[in-house]
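Trainee: return atomic coordinates for the entry below.
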Amino acid sequence: MTLSKRRVVVTQRFFDEAALAYLEQAGCEVVIADLPQGQADGGLDHDSLAALLTGAQGWIVGHAKVTRFLLMALPHLAVIARRGVGYERVDLEAANELGRVVTIAAGGNDASVADQAIGMMIALGRRFREAQAQMNAGSWSILMGTDLYRKTVGVIGLGRIGRSVVQRLSGFEAEVLVATSRPDPEYAARTGVRYVDVETLLAQSDYVTLHAPLSPATRHTIDATAIDRMRPGAFLINTARGGLVSDRDLLAALEAGRLGGAGLDVFESESDPALQPVTDALIARADVIAAPHAGASTREGLGRTNMVAARCVVAVLDGQDPPAQCVVADGRRPAGGRA
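Mentor: Take a look at the predicted model:
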């Protein structure tokens with residue numbers, strides 16, 4: 001069957017040739033947005049997005065806000081494919097009501113983000129940033145660090161990325177505590193993790209790493225009260241979502257010497273610019289390892305997520321179902337809702 005051209009707009013950087021070729025072979029006309037250097041689609045306003053997406057049937061999106069107002073302005077847009085796994089910036093209720101499909105790139109960036117979380121644990125424990133700063137200043141004095149080997153690591157959230165972190169921690173012979181709303185006894189028997197409540201996890205862990213989605217229930221999982229429950233000198237890692245941590249409370253705890261350090265790939269200021277001074281103060285600290293929401297941004301990880309998003313777009317435009325684990329809203333169904 002000869003496919004007619006379907007317009008697909010990509011508002012993400014680093015969209016590789018393999019994913020582009022896949023879309024084109026499926027009969028899609030692909031438009032990659034020419035964003036100014038240093039600007040991501042999360043900074044585009046309604047009018048800019050509407051202009052870019054006029055006439056598009058598919059949209060491969062990064063962090064742009066997908067509002068009801070925008071969807072109503074784009075009646076031909078059938079599928080919104082996130083090149084990532086978070087979807088808090090998408091109005092799922094509106095997507096369902098307006099007959100749209102929203103997908104995520106499930107399974108595409110698990111390994112990349114998990115590697116980053118482990119890397120941050122090691123960098124913090126061994127004080128890499130502080131040691132290099134001292135050497136740059138001419139001092140070769142040795143800073144005493146701490147191992148990840150055989151330490152207790154608390155994992156909050158046990159989705160695909162959380163499980164990838166657990167898998168990597170087995171090589172360090174770590175004791176792994178897990179706080180999750182959906183404990184799996186078979187998984188615990190196979191891996192040796194121990195399910196505990198958040199309070200116990202905080203009190204017993206040398207490293208705490210966050211891998212939960214952001215929701216009203218999980219917002220500020222780590223705040224001043226939670227930090228007070230953590231072991232003195234423990235390390236906090238957040239490669240999930242900025243709102244899981246009260247960055248203001250974290251900064252206060254670091255300034256007071258309450259924690260050993262923090263590894264941060266995400267910040268509250270991403271969604272609340274008023275908190276940018278807090279972010280600036282955090283990333284200036286020698287006991288903070290920071291990255292600009294780059295956990296999934298490896299060549300391999302982006303290649304995988306690009307292809308997952310592309311396959312989801314083609315499936316919907318062909319009138320088929322994307323993989324169930326990728327679907328977070330399907331307004332084609334009478335009941336709609338998350339998969």
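Trainee: okay, CA-based contacts and neighbour counts for the rest of this
Mentor: Will do.
Trainee: could you confirm Pro292 falls within a helix?
Mentor: No. Checked against DSSP: H, G, I helix; E, B strand; the rest coil, Pro292 lies outside a helix; its state is coil.
Trainee: report the contact partners of it.
Mentor: Taking Cα atoms under 8 Å, 6 or more residues apart in numbering, we find Pro292 in contact with Asp265, Val266.
Trainee: buried ones in whatever helix or strand Glu93 lives in?
Mentor: Glu93 belongs to helix 92-97 when assigned by DSSP states H and E. In terms of neighbour count (16 or more other Cα atoms under 10 Å), helix 92-97 has its buried residues at Leu92, Ala94, Ala95, Asn96, Glu97.
Trainee: which outside residues touch the next helix or strand after that helix?
Mentor: Sequence order places strand 101-103 as the next helix or strand after helix 92-97, per DSSP H and E. The contact list for strand 101-103 (Cα under 8 Å, 6+ apart) reads 78-82, 92, 95, 309, 312, 316, 322, 326-332.
Trainee: and stretch 106-116, by the same measure?
Mentor: Stretch 106-116 has contacts (Cα under 8 Å, 6+ apart) with 84-85, 160-162, 164-165, 168, 239, 295-298, 301-302, 304-305, 308, 325-326.
Trainee: show the buried residues in those.
Mentor: 84-85, 160-162, 164-165, 239, 295-296, 301-302, 304-305, 308, 326.
Trainee: just these: which are in strands?
Mentor: Applying DSSP state E to the buried ones among the contacts of stretch 106-116, no entry is found in strands.
Trainee: tell me the domain ranges of this protein?
Mentor: The chain breaks down by automatic domain parsing into domains covering 6-108+298-330, 110-290.
Trainee: helix, strand, or coil at Val30?
Mentor: strand.
Trainee: which strand residues bridge it?
Mentor: Val30 has these beta-bridge partners by DSSP bridges: Val8.
Trainee: pLDDT score for it?
Mentor: Model confidence at Val30, expressed as pLDDT, equals 97.
Trainee: before we move on, the earlier item: please indicate which of the contacts of strand 101-103 are buried?
Mentor: Buried members of those, scored by 16+ other Cα under 10 Å, are 78-82, 92, 95, 309, 312, 316, 322, 326-332.
Trainee: which ones among those residues are found in helices?
Mentor: Judged by DSSP state H, the buried ones among the contacts of strand 101-103 include Leu92, Ala95, Ala309, Cys312, Val316 as members of helices.
Trainee: how close does the first one get to Asp287?
Mentor: In this structure, Leu92 and Asp287 are 38 Å apart, going by Cα to Cα, to the nearest Å.
Trainee: and for the third one?
Mentor: As for Ala309, its distance to Asp287 is 36 Å (criterion: Cα to Cα).
Trainee: got it, and the second one?
Mentor: Taken as Cα to Cα, the spacing of Ala95 relative to Asp287 amounts to 42 Å.
Trainee: leaving out sequence neighbours, find the closest residue to Arg333.
Mentor: Distances taken as Cα to Cα, 6 or more residues apart in numbering place Gly99 nearest to Arg333, at 7.9 Å, with adjacent residues excluded.
Trainee: Leu254: how many residues sit nearby?
Mentor: Leu254 has 18 neighbours, counted by other Cα atoms under 10 Å.
Trainee: double-check that it belongs to a strand.
Mentor: No. Secondary structure of Leu254 (three-state DSSP): helix, not part of a strand.
Trainee: quick one: residues contacting it.
Mentor: Counting by Cα under 8 Å, 6+ apart, Leu254 has contacts Gly260, Gly261.
Trainee: tell me how far it lies from Leu302.
Mentor: Distance from Leu254 to Leu302, counting by Cα to Cα: 33 Å.
Trainee: repeat that for Leu70.
Mentor: 26 Å.
Trainee: backbone phi and psi for Asp12, please?
Mentor: Careful, residue 12 is Gln and not Asp. Torsion angles at Gln12 (phi, psi; degrees, to the nearest 10) stand at phi -120, psi 150.
Trainee: helix/strand/coil for the closest residue in space to Thr209 that isn't next to it in sequence?
Mentor: In space, and not counting its chain neighbours, Thr209 is closest to Ile237: 4.5 Å by Cα to Cα, 6+ apart. For Ile237, the assignment made with three-state DSSP gives strand.
Trainee: what number of residues lie near Ile237?
Mentor: When counting by other Cα under 10 Å, one arrives at 27 neighbours for Ile237.
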